[in-house]
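Asker: Below are the sequence and a predicted model; questions follow.
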Amino acid sequence: MRFLYGDKNLLRVLDEAEFWKHQESEHTVVIREIVIGLEHDYVEKLKNWQLAFSQTEDTVIRYIETVIRAGSTVDAALEQQILQLVCFCLEQSQQFIIFLNELTVKSEAVRNNPVALTVISHIRRESEYFIGIAQTISYSQT
């Protein structure tokens, strides 16, 4: 990500959060589809993750709309709320990575599926990428 957005960095990080929360939601579907015989508990956990990511994405969209309406006058209170949301998004992705690590270790259906292991590893790296972006922008705003 480039930092040439100046005072639009908050909007840029919200755009990234929207994109990645949508991606993470879709990733839960991908895992459920490619892992034949995935244990019921993990299917349910993935459905819960999908719902959580969708809810977070909806919240991010509402903030994007608020920032757009505010124009170039994002006050300190709104900026602080956005940074808190970004921190929440970051933490959510970190918790998802922990879940993915658990899934690859504890699920027999995943361990016995080399394609699933590769795909889940890719999904983990994408969530890690978002975390890096969110951390960089958050730190540059404080």
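Answerer: Great, that's in hand.

Asker: make it CA atoms for all contacts and neighbour counts henceforth
Answerer: OK.

Asker: Show me which residues of the strand or helix carrying Leu51 are buried.
Answerer: In this assignment (DSSP states H and E), Leu51 forms part of helix 40-70. Neighbour counts using 16 or more other Cα atoms under 10 Å place 42-43, 46-47, 49-50, 52-54, 56-57, 60-61, 63-64, 67 of helix 40-70 among the buried residues.

Asker: Relative to the whole chain's centre, how far out is the helix or strand following it?
Answerer: Toward the C-terminal end, the helix or strand that comes next after helix 40-70 (DSSP H and E) is helix 76-106. Offset of helix 76-106 from its chain centre (Cα atoms, centre = their mean, to the nearest Å): 7 Å.

Asker: Please apply the same query to stretch 71-85.
Answerer: Once both centres are worked out by Cα atoms, centre = their mean, stretch 71-85 turns out to sit 20 Å from its chain's centre.

Asker: Centroid-nearest residue for this structure?
Answerer: For the chain, Lys21 is the residue whose C-alpha lies nearest the centre (Cα atoms, centre = their mean; 3.9 Å).

Asker: ok, now which ones touch that one?
Answerer: Phe53, Ser54, Thr56, Glu57, Cys89 (Cα atoms under 8 Å, 6 or more residues apart in numbering).

Asker: Go again with 6 Å.
Answerer: For Lys21, the set of contacting residues under the criterion of Cα atoms under 6 Å, 6 or more residues apart in numbering consists of Phe53, Glu57.
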